[in-house]
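Student: mind folding the following:
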Amino acid sequence: MKSYLSRFITKDNKLLSFALALPVLIVLAVVSGFLLAFAIDRPDYAIRGLSTGLPAILASFILVMIYHKEDIELTSSSNTLEINQRTLMVLFGILLNVSILILLLIPFRPWYYFVLILMLYSLIFTQIFSRDANALMILSEIILLMFCVICGMILKYPLYFGWTDILPHLFMAKITYLSGHTIPLDYSLAYANFPLYHILIAESSYLLGLDLKTTLFLIATPIYVMLIVFIYKFFKLTTRNSQMSLLTCLIYSVTSVVILYGAYVITRTVAHAGFLIMIYLIYKGYSEKNEAVYRYLAVVLCIFIILVHQVSIIQMVILMLLLFVCERIAGNKKYLSTNFLLLVNVTFIGYWFYGAYLFTRSLLQSHIRPEHFETPVVKASVQSGNEWSFLVNHIDSSIFLFFALIGIGYVLWNENRKYARVFSLFALSTLVLYTPNPIQLLWQSMVLFRFDRFMLMLAPFMSFVMSAGIFAFLYYLMSKSIKIRSAFMIVLVLFSIFSFYSIISNANDSNYFGSTTNRKYFIEEELIGYNHVSGHVPFGSTLHSDYETSRYFTQREFRESDALELPYYRSYMISASEGIPDYEGYILIREKQFLDTKLVFEGEDYLPTSENQIQLYTYLHRNNKIYSNTAVDLYHNS
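Tutor: Numbering: from 1, shown residues only. All right, here's what the predicted structure looks like:
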């Protein structure tokens, strides 16, 4: 302890002093959070807090131990595994082909498929720590594995829809495809002035001669996966550490939010791709003689982001400003310029108020209502009784936080002449947007202002500090006279647990991991039933259905609907099962989905209990059944 305090007192570097004080600050923050939870009589909040509190305290303890040791050089290559790279690559190729074969032969992804994927990630992890690691081969393996994991979710099933935003976006792309122009204002005020995503899908469909659904996944997924190259180049450029950059890419590719959006490539996902490429171009321009070319391309990417997704640019500007501040505090180099940040702000504000004024006005009116801010509102999903399942579901977040805090503390303490300090300070200041904490309990922050969307944008930087933490923890273990292989096995086990929980969090199609949740895709029989509706139910009719089905039939009437022969309906989600007998129009029930798990109504999750089955069929039999197949029943009530 004396050595620890003497370092704190004698060093005049403010960031070093902050790093030395960080373990104490973390412990104080954790203890204060637990005391506050009990003070407001919500012990379930305290239990939820264990997912971040315990790894934070453990990380603080490890940091104190690291501070007592001699300096650990993260660029050291002497402590690497002596493993034949060729053997690892051949084994990777064999297991990858076996996983693809399983996808082709099995109707759903079985548990042993996920074990194979975990083994593949572990093989790449081992290669990164092996002597004479080939960066190009490792990058290729990461990209290939990421592509296979994502395609295993989206191309295996007739129509993957994720959180259902894919469904209306496909229809908007169809409007552009058929009409030859952007979406009219009378159809979608939100996207009429932000059309690039739908133009991309429509034009690609024309060029490839494929339907819009197939085109979406075949075009968007490679764009998303190739971000790995830009992430590697970005961190290699700023840190000059190839090994840590490779590990950053691997962690990024296996992070749950990254896997989720890889299959859910909608407007904000494409905007995220533009954001990462724009950041890379800004930093690359600083290091090259032809800086003006890179800055010009960065401006083009800025305009691309604005025209792809309406509100992502605001969140990106906030992050860039925060990164700018962190750079001024901790960086020896200044990659981000005030002029560029001003240009970005002027560009999007000018477009919002001159090119998209109607959207801007509606957005402001809907988000600044006084009633939204009268009292903090806790999200409906945060309920007493599910706190223990919350802990289990966030094991990957706990492991991430453990390594991330070690990485942040170590880099701030030891990497005083390197740009990595900027990323560590930036990651520390944005952890509240990435890890479970009280802010994520509130409806105002997570639903109204969509703080959840920050997670994907922050994923590369959080992956970097986690990689730094893994290296620091590994070398700390070796400093305790633990052999390199034993130390590596400890780290590999923790990484494997992190990877496993990240992977299965996106495995609700598996009978082993997703039996209590609804499918994120429609099966063929459901799509046949929906096509029957589009072909036989009169346009403009009223449809009542579950949540996912109501999102499929979001098509509304606009001035060109009849000319383009596009269907339109008044689609409503069933509010509660008791209201079914009183509905007029058409009622669409996914019977197979109901019997498999449940139907999501507006006021309830309708489970297939014996009582509910009798009740539902009693209500429905009062109507006229006009269509039925093995998955969908269509009723009419006049």
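
Student: give the closest residue to residue 470 in space, chain neighbours not counted.
Tutor: Nearest residue to residue 470 in three dimensions, chain neighbours excluded: residue 403, at 5.4 Å (CB to CB, 6 or more residues apart in numbering). Where C-beta positions appear, they are placed from N, C-alpha and C, glycine not excepted.

Student: state the helix or strand in which that neighbour lies.
Tutor: Using DSSP states H and E, residue 403 maps to helix 395-414.

Student: follow-up on the earlier one: residues contacting the residue nearest to residue 470?
Tutor: Residues in contact with residue 403, defined by CB atoms under 8 Å, 6 or more residues apart in numbering, are 59, 465, 466, 469, 470, 473, 494.

Student: how does it look with 6 Å?
Tutor: 466, 469, 470 (CB atoms under 6 Å, 6 or more residues apart in numbering).

Student: repeat that for residue 573.
Tutor: Contacts of residue 573 by CB under 6 Å, 6+ apart are 547, 550, 602.

Student: isn't the second one up against residue 571?
Tutor: Yes: Residue 550 is within contact range of residue 571, at 4.9 Å (criterion: CB atoms under 6 Å).

Student: what about the strands in the stretch 51-200 of the chain?
Tutor: Using DSSP state E, counting those that start in this stretch, the strands found in the stretch 51-200 of the chain span residues 159-160.

Student: could you pull out the helices for it?
Tutor: Ranges of helices within the stretch 51-200 of the chain are 85-105, 111-128, 135-154, 166-179, 196-208, based on DSSP state H, counting those that start in this stretch.

Student: so which of these is nearest residue 439?
Tutor: helix 166-179 (27.9 Å; CB to CB).

Student: buried residues of that closest one, list them for me.
Tutor: For helix 166-179, the neighbour count (16 or more other CB atoms under 10 Å) marks 166, 167, 168, 169, 170, 171, 172, 173, 174, 175, 176, 177 as buried.

Student: got those as CSV, with distance to residue 440 and pLDDT columns?
Tutor: Shown next, in CSV, are the buried residues of helix 166-179 (distance: CB to CB, whole Å; pLDDT from 0 to 100):
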residue, distance to residue 440, pLDDT
166, 24, 94
167, 26, 94
168, 26, 94
169, 26, 95
170, 30, 94
171, 32, 94
172, 30, 96
173, 32, 95
174, 36, 95
175, 36, 95
176, 36, 95
177, 38, 95
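
Student: mind putting those residues into a markdown table with distance to residue 154?
Tutor: Below are the buried residues of helix 166-179 laid out as a markdown table (distance: CB to CB, whole Å):
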| residue | distance to residue 154 |
| --- | --- |
| 166 | 9 |
| 167 | 14 |
| 168 | 17 |
| 169 | 14 |
| 170 | 13 |
| 171 | 18 |
| 172 | 19 |
| 173 | 16 |
| 174 | 19 |
| 175 | 23 |
| 176 | 21 |
| 177 | 20 |
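
Student: for burial, what's the neighbour tally of the closest residue to residue 491 other than its chain neighbours?
Tutor: Nearest non-adjacent residue to residue 491, counting by CB to CB, 6+ apart: residue 474, 5.1 Å away. Other residues within reach of residue 474 by the criterion other CB atoms under 10 Å amount to 21.

Student: so residue 474 sits in a strand?
Tutor: No: counting by DSSP: H, G, I helix; E, B strand; the rest coil, residue 474 is located in no strand; its state is helix.

Student: picking up where we left off before, and which of the contacts of residue 573 is nearest to residue 213?
Tutor: residue 550 (18.9 Å).

Student: what packs against the helix or strand where the closest one lies?
Tutor: Using DSSP H and E, residue 550 sits in helix 547-552. If you count contacts as 3 or more CB pairs under 6 Å, 6 or more residues apart in numbering; DSSP states H and E, helix 547-552 packs onto strand 570-573.

Student: so in that sheet, which strands flank the strand it packs on, and in what orientation?
Tutor: strand 542-545 (parallel) (DSSP bridges).

Student: avg pLDDT for the strand it pairs with?
Tutor: On average, the pLDDT along strand 542-545 is 94.

Student: and the helices in the stretch 201-350 of the chain, which stretches?
Tutor: Using DSSP H, counting those that start in this stretch, helices in the stretch 201-350 of the chain cover 212-225, 227-239, 242-254, 256-263, 267-287, 291-308, 312-330, 338-350.

Student: export those helices to a markdown table and tack on distance to residue 618?
Tutor: A markdown table is the format used below for the helices of the stretch 201-350 of the chain (distance: least, CB to CB, whole Å):
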| stretch | distance to residue 618 |
| --- | --- |
| helix 212-225 | 37 |
| helix 227-239 | 52 |
| helix 242-254 | 48 |
| helix 256-263 | 38 |
| helix 267-287 | 43 |
| helix 291-308 | 48 |
| helix 312-330 | 47 |
| helix 338-350 | 54 |
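
Student: quickly compare these and say which is most buried.
Tutor: helix 242-254 (a mean of 25; mean count of other CB atoms under 10 Å).

Student: roughly how far is it from the heart of the chain?
Tutor: 17 Å (CA atoms, centre = their mean, to the nearest Å).

Student: same question, stretch 56-73
Tutor: 30 Å.

Student: now it: buried residues?
Tutor: In stretch 56-73, counting by 16+ other CB under 10 Å, buried: 56, 57, 59, 60, 62, 63, 64, 66, 67, 72.

Student: taking helix 242-254 as reference, get the angle to the helix holding residue 403.
Tutor: 150 degrees (axes from the mean of the first three to the mean of the last three CA atoms, to 10 degrees).
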